[in-house]
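Undergrad: return a 3D structure for these sequence lines:
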Amino acid sequence: MIAAIFFGALDIGCSPSAAGGGPQPTFTDDKSPRCIDPGPLPLGSDRVLSVKYPSSRLAITGQLSERWLNAQLDEQLPVVVAEERDRPIGVAGRASYRIKRGSLSLGQRADQLWATLPLSLDIALCKPFGSGCFRYGSCTPRLDIQVLLDRDFAANYELESPRLSSSTREGCRIGIDVTPQLETAAHSELAKIQRSLDRAFSRIDEAAASFAAQAHAPLPAWPEQCVDWSLNAVRQRSLRLENLDRDATTPGKHLTFGLEATGQLVAVDSCEPEPNSAMPDAFPAPRTAQTLRQSSEVHIPERLSPDVLRAALTTQLDGALHPHRVSELRLASDAVFLKVEFAARACGAAWFKSQLELVGEALHLVQPVMLSHPSGSKQLLSQIEAALTDGFAEPVRGNAWLKEQGKDWLLNLLAPAQAELRPHDLTVAVAKFHPRPAHVQIAADGVYVFHTATFQMRLEAAQRLGAVERPGAGQRPAERLSSFDTDAD
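TA: So this is what the prediction gives:
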């Protein structure tokens with residue numbers, strides 16, 4: 001009777017459903033193994049947190065050479081600004097004059113940055129006499145037009161229009177000193193130009209405000225995947241003057257700048273713009289920094305449903321583990337927990353903990369470990385760990401997309417800006433585009449694969465070769481002026 005009770009108790013203990021308290025039994029390699037009781041998972045080990053999006057960074061730098069600025073000036077303003085012959089000026093007779101401009105030059109002192117445009121005037125006066133005009137006086141005054149440049153964006157991303165002023169290098173005396181009259185005339189003309197500049201910059205600010213007030217659609221990535229940009233901070237490096245040495249592609253003076261925006265690329269369910277996705281309140285005021293990083297880094301999220309992942313894990317692993325099976329599966333922020341029920345000679349069950357990582361183009365379970373370490377069959381444990389590692393592969397789309405189309409995707413996003421810049425011989429070049437290893441995050445609303453890429457963006461300038469062609473006379477080929485490395489990815 002006592003023996004029957006004893007052997008009956010042993011028989012019950014071999015059932016997986018008979019887990020109880022007390023010391024955990026182990027199984028061995030002998031012909032009469034004892035069952036493994038895995039017990040419950042430690043409290044809180046399967047905690048799932050909200051997704052934490054990694055910070056992405058977009059940075060752009062630029063160098064605009066003094067040579068390029070003069071090329072743009074040549075497109076807009078002829079060398080001979082104005083000229084007139086034999087203009088009646090009352091009792092003084094007639095006046096002939098020609099106004100020529102020189103080349104623009106850049107300068108900086110302390111916090112002020114400016115451009116100087118020299119003007120030279122040839123003035124001649126004559127008195128009519130018979131069929132001719134007797135020349136009795138001339139002068140060649142010299143004026144400098146200073147253009148004071150704004151170095152930083154304001155808190156609302158506005159730029160002050162350039163401030164104009166003039167100074168006299170050489171005056172004009174024709175019998176009497178007429179320099180004050182020339183300066184008055186110059187100031188009057190500059191005031192007209194200043195008003196035009198103020199109106200132009202006001203329209204630019206209004207256009208920027210209108211753009212920010214619009215609802216913007218999320219950015220499409222691969223099919224059925226869109227992301228939105230959540231901006232956290234903007235830093236700017238003030239516009240400044242740098243003198244590049246002879247080793248540079250375009251030595252000499254350059255205006256240089258930098259902008260860096262940081263935030264998150266967020267997975268969204270719809271590719272349509274949200275009704276309240278206007279951006280003014282989301283634009284933080286730019287902060288000025290002495291130095292900025294030149295490289296950009298983006299983390300593009302791909303989200304998989306937890307239900308889809310659980311179904312794939314269960315279906316694939318049951319086939320790989322046969323005759324053993326997964327009886328319970330828990331997704332946690334730091335791992336995947338699987339309860340495996342043993343079959344055949346090994347009865348009982350055990351919890352395994354495994355990492356979820358992207359290997360190649362698919363998600364895999366890597367480094368599975370048993371949470372308890374029985375002194376039982378190492379061969380069985382090795383088989384189960386191998387089945388967990390090799391028996392599951394869930395394909396993702398973003399990895400191959402980033403390698404094959406990521407750079408083109410970025411260039412397409414920049415296309416509207418490129419169209420605006422191209423008439424001015426400017427372009428935003430993308431170089432050194434390199435996909436980086438992706439990383440996986442298990443969150444409450446899904447499994448996220450963050451596909452990562454680094455690259456550089458730079459504003460490049462080109463200048464026309466040879467003499468400037470006027471409208472209608474055709475255009476000459478452009479010469480690259482930037483030393484930016486545009487190697488292929």
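
Undergrad: where do the strands sit along the stretch 301-450 of the chain?
TA: 325-331, 336-341, 349-359, 362-370, 394-395, 426-443, 446-464 (DSSP state E, counting those that start in this stretch).

Undergrad: list the contacts for the nearest residue to H451 once chain neighbours are set aside?
TA: The spatial neighbour of H451 that comes closest, neighbours along the chain excluded (C-beta to C-beta, 6 or more residues apart in numbering), is G398 at 4.2 Å. Bear in mind the C-beta positions are built from the backbone N, C-alpha and C, glycine included. Applying C-beta atoms under 8 Å, 6 or more residues apart in numbering, we find G398 in contact with A221, W222, Q225, I300, E302, A438, V449, H451.

Undergrad: reformat the residues you listed as TSV; add pLDDT, neighbour count and distance to S270.
TA: Shown next, in TSV, are these (pLDDT from 0 to 100; neighbours: other C-beta atoms under 10 Å; distance: C-beta to C-beta, whole Å):
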residue	pLDDT	neighbour count	distance to S270
A221	86	23	14
W222	81	20	16
Q225	85	19	11
I300	95	23	17
E302	94	24	16
A438	94	22	24
V449	96	24	20
H451	95	27	20
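
Undergrad: give me the pLDDT for the residue nearest to H451.
TA: The model reports G398 with a pLDDT of 92.

Undergrad: quick one: it from F433, how far?
TA: From G398 over to F433 the distance is 15 Å, taken as C-beta to C-beta, to the nearest Å.

Undergrad: got it, and A350?
TA: Using C-beta to C-beta, A350 is found at 46 Å from F433.

Undergrad: these two: who's more crowded?
TA: Set A350 next to F433 and count neighbours by other C-beta atoms under 10 Å: A350 wins out with 25 against 20.

Undergrad: what are the bridge partners for the more buried one, then?
TA: V340 (DSSP bridges).

Undergrad: tell me the pLDDT at it?
TA: On pLDDT, A350 comes in at 86.

Undergrad: would you check that H324 makes contact with G348?
TA: No - the pair H324 / G348 is not scored as a contact, 10.6 Å apart, by C-beta atoms under 8 Å.

Undergrad: looking at these two, which has the bigger crowd around it?
TA: Remark: of H324 and G348, G348 carries more neighbours, 25 against 21, as counted by other C-beta under 10 Å.

Undergrad: how close does the more buried one sit to E328?
TA: Applying C-beta to C-beta to G348 and E328 gives a distance of 14 Å.

Undergrad: before we move on, what about E242?
TA: With C-beta to C-beta as the criterion, E242 and E328 are 64 Å apart.

Undergrad: which residues touch Y97?
TA: Per C-beta under 8 Å, 6+ apart, neighbours of Y97: A82, E83, E84, R87, L121, D122, I123, A124.

Undergrad: between those residues, which is nearest E361?
TA: For these, the residue nearest E361 by C-beta to C-beta is A82; the value is 67.3 Å.

Undergrad: what's around that closest one, how many residues?
TA: That count, for A82 with other C-beta under 10 Å as the rule, works out to 13.

Undergrad: check which helix or strand it maps to.
TA: Element membership for A82 (DSSP states H and E) is strand 80-88.

Undergrad: name the strands paired with that strand and say parallel or antiparallel.
TA: Strand 80-88 pairs in its sheet with strand 94-101 (antiparallel), by DSSP bridges.

Undergrad: in the strand it pairs with, which residues are buried?
TA: By 16 or more other C-beta atoms under 10 Å, the buried positions in strand 94-101 come out as R94, A95, S96, Y97, I99, R101.

Undergrad: what pairs with the helix or strand following it, parallel or antiparallel?
TA: Next helix or strand after strand 94-101 toward the C-terminus (DSSP H and E): strand 105-109. When pairing is defined by DSSP bridges, strand 105-109 lines up against strand 112-129 (antiparallel).
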